[in-house]
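Engineer: sequence and predicted structure are below.
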Amino acid sequence: MRKGLANYGDAGFSLFLRKAFIKAMGYSDDALDRPIIGITNTYSGYNACHRNVPDIIEAIKRGVMLAGGLPIDFPTISMHEAFSHPTSMFTRNLMSMDVEEMVRAQPMDAVVLIGGCDKTVPALLMGAASADVPAILTVTGPMITGSHRGERLGACTDCRRLWGQHRGGSIGEEEIEEISGKLAPGPGTCMVMGTASTMALCAEAMGMMLPGGAAIPAVHADRLRHAEATGRRAVEMAAAETGVRPTEIMTKAAMRNAMRVLQAVGGSTNGVVHLAAIAGRLGFDLDMEDFDQMGRETPVLVDLKPTGQGYMEDLFKAGGLNAVLRNIAHLLETDCVTVSGRTLAEDIEAEPMWKQDVVRPLDNPIHSGGGIRLLRGNLAPNGAIIKQAAATASLLKHRGRAVVFTSLKDLAERVDSPDLDVKADDVLVLQNAGPKGAPGMPESGYLPIPKKLAAQGIKDMVRISDARMSGTAFGSIVLHVSPEAADGGPLGLVRDGDMVELDVEAGRLHLDVSDEELAERRKGWAPPPHEDVERGYKRLYFQQVLQAEHGCDFDFLRKHPLNTKSL
Ligand code: FES
Ligand code: MG
């Protein structure tokens, strides 16, 4: 067992005591005299995306033992998107703190992280970056697709589409019940290019996961072989002197590779927030202008929903991330070293390639306009983003009258009202749904089309908020407006009838109201009231949560907090 972790004053006694207690687990001296590999057990009965974690742990343990190490798994917080009130973003930082402190508190020479559902991969990487013990990631993998009356289905792009049909009356009660059993037909993560798929691919691209790991379906035998190989590699990492710590793998260049891949796969907008949070743990900020430039020059290559047609199992059969990396290798910094111990260039070359049509070449992309673009202007001084590939081309340059909803509650109460004064070329604005506003920056940026317009066949409108959007959704939707309304951002000053201008090509989001008028409005502004913020985690959250451009991390968890007032 690793020495030097004394906290009883007497180092010898401390080690003796640790040995005595760990021996109660039944380990022999021989077992304990080996590299110890911690494994984060992110299983939870609430988390179907992590249903296969016990099998994965068994395979990791096998790999660790085959390589001569001792595997020890330990629980961490686990979160499923559907069961994280108020939002999983609200608890992501809590999970990251749990991971950091448990990795640091317990003796281990390396740690295997098991991610999966949307917020878990970011939380694990954030915690691991801060603890900086040699770490390697594997994921639970995407679900296989379901099918309903001959139609292939996947969570949750099809969830929205079919629920929309149910709302519109073309799918009845009985059938929608039946469909609820078909959308998520097994263990694993949402199998479209949602946040889970995006973050798994980004994590592999930044070198934190062995090649191929992101796309292997949760139920495929390769998933377990990947886990076994991960366990084996963790033992080698435990013995290595350099190059295996998260801060050595997740360099600025590695993060740029992840940003490039996020654009090339048509990834979830949530990926931007999570990469920003991970970067903050490593001591730098994401260069959003750089990211925007990548968005201009990197078209969407992967034919997966919601931008394209396929699902993650199709990407797996097409060669997984490797097929993407090959096509953009000249745009990547391929001398980055990954957890495999090789460079990214060597990793790319080590895998075979074949003819397929899920991952397109650069000259024949799925969407030529690029993925996610950065917007700035007097409505979003610190930035906002739009997923261009999921937007309606004719709305990318638009000027319209604001129809303002002051909160999620206001939205729910009025959006479907026949009295709502709204036209198809108006701009829907949602305030107070950001990191502090809601709180937890919910995925409510996908504002529904007002019922009376939907009934006329209107499918898309420009929508603007400080909220996030599920990676599985689509539309002309401006997200992550910063500073958020509840933090005093100009978004909170918009009123019904103001003219709003969006120009994606120019990267501009403008409120056509004079500075004098905005200053006047600001005098009458007050932050929205919040309940139950006096104690507990929620108090910490409100005191510490940062805006979207800093990944909604807590300031004190950053390597270099922005508020430098010392204790
Ligand atoms: Fe877990 Fe979608 S709900 S990945
Ligand atoms: Mg999601």
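Structural biologist: Received, thanks. Numbering: from 1, shown residues only. Ligands and ions are numbered 1, 2, ... in the order given.

Engineer: can you count the residues close to residue 351?
Structural biologist: 15 (other CB atoms under 10 Å). Bear in mind the C-beta positions are built from the backbone N, C-alpha and C, glycine included.

Engineer: now it: how far from residue 214?
Structural biologist: Going from residue 351 to residue 214 by CB to CB, to the nearest Å gives 13 Å.

Engineer: also residue 157?
Structural biologist: From residue 157 to residue 214 the distance is 18 Å (CB to CB).

Engineer: neighbour count winner among the two?
Structural biologist: Relative neighbour count places residue 214 above the other of residue 157 and residue 214, with 32 against 25, counting by other CB under 10 Å.

Engineer: so what's the more buried one up against?
Structural biologist: 139, 197, 200-201, 203-204, 320-321 (CB atoms under 8 Å, 6 or more residues apart in numbering).

Engineer: got those as CSV, with distance to residue 394, secondary structure and neighbour count columns?
Structural biologist: Listed next are the contacts of residue 214 as CSV, based on distance: CB to CB, whole Å; DSSP: H, G, I helix; E, B strand; the rest coil; neighbours: other CB atoms under 10 Å:
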residue, distance to residue 394, secondary structure, neighbour count
139, 38, strand, 35
197, 28, helix, 30
200, 33, helix, 28
201, 30, helix, 30
203, 36, helix, 30
204, 36, helix, 30
320, 35, coil, 24
321, 33, helix, 29
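
Engineer: which pair in these spans the largest distance?
Structural biologist: 203 and 320 (12.9 Å; CB to CB).

Engineer: quick check: residue 499 touching residue 398?
Structural biologist: No. Assessed by CB atoms under 8 Å, residue 499 is found out of contact with residue 398, at 10.7 Å.

Engineer: out of those two, which sits in the busier spot?
Structural biologist: Counted by other CB under 10 Å, residue 499 and residue 398 do not tie: residue 398 has more neighbours, with 17 against 13.

Engineer: quick one: average confidence on stretch 171-179?
Structural biologist: In this model, stretch 171-179 has a mean pLDDT of 96.

Engineer: list the buried residues for that stretch?
Structural biologist: 171, 179 (16 or more other CB atoms under 10 Å).

Engineer: same thing with stretch 384-404?
Structural biologist: Going by 16+ other CB under 10 Å, stretch 384-404 has these buried residues: 384-391, 395-396, 398, 400, 402-404.

Engineer: and what of stretch 420-437?
Structural biologist: For stretch 420-437, burial by neighbour count (16+ other CB under 10 Å) applies to 422, 426-437.

Engineer: next step: those residues restricted to strands.
Structural biologist: Counting by DSSP state E, the buried residues of stretch 420-437 place 427-430 in strands.

Engineer: residue 263 - that's part of a strand, no?
Structural biologist: No. Looking at residue 263 with DSSP: H, G, I helix; E, B strand; the rest coil, it is helix, so not inside a strand.

Engineer: can you put the contacts of residue 214 in CSV and add pLDDT and distance to residue 460?
Structural biologist: As requested, the contacts of residue 214 are exported to CSV (pLDDT from 0 to 100; distance: CB to CB, whole Å):
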residue, pLDDT, distance to residue 460
139, 98, 32
197, 98, 23
200, 98, 29
201, 98, 27
203, 98, 32
204, 98, 32
320, 98, 32
321, 98, 31
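
Engineer: so which strand or helix has residue 475?
Structural biologist: Taking DSSP states H and E as the definition, one finds residue 475 inside no helix or strand.

Engineer: what about the strands in the stretch 151-300 of the chain?
Structural biologist: Using DSSP state E, counting those that start in this stretch, the strands found in the stretch 151-300 of the chain span residues 151-153.

Engineer: how about the helices in it?
Structural biologist: 157-167, 173-180, 195-205, 221-239, 246-249, 252-264, 270-282, 288-297 (DSSP state H, counting those that start in this stretch).

Engineer: please name every helix or strand in contact with the helix or strand harbouring residue 58.
Structural biologist: Assigned by DSSP H and E, residue 58 belongs to helix 53-66. Judged by 3 or more CB pairs under 8 Å, 6 or more residues apart in numbering; DSSP states H and E, helix 53-66 is in contact with strand 36-41, strand 70-75, strand 110-115, helix 221-239.

Engineer: who in the stretch 151-300 of the chain is up against ligand 1?
Structural biologist: 155, 189-190, 194, 196 (CB under 6 Å from any ligand atom).

Engineer: TSV for these, including pLDDT and neighbour count?
Structural biologist: Compiled in TSV, those are given as follows (pLDDT from 0 to 100; neighbours: other CB atoms under 10 Å):
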residue	pLDDT	neighbour count
155	90	28
189	98	32
190	97	29
194	94	30
196	98	34
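
Engineer: near ligand 2, which of the residues you listed show up?
Structural biologist: residue 194 (CB under 5 Å from the ion).

Engineer: quick one: the lowest-mean-pLDDT helix or strand in the chain near ligand 2?
Structural biologist: Across the helices and strands of the chain, the lowest-confidence element by mean pLDDT, DSSP states H and E is helix 157-167, at a mean of 86. No. If you take CB under 5 Å from the ion as the test, helix 157-167 misses ligand 2, and the best it gets is 10.3 Å.

Engineer: measure how that helix sits relative to helix 173-180, angle-wise.
Structural biologist: Interaxial angle, helix 157-167 versus helix 173-180 (axes from the mean of the first three to the mean of the last three CA atoms, to 10 degrees): 170 degrees.
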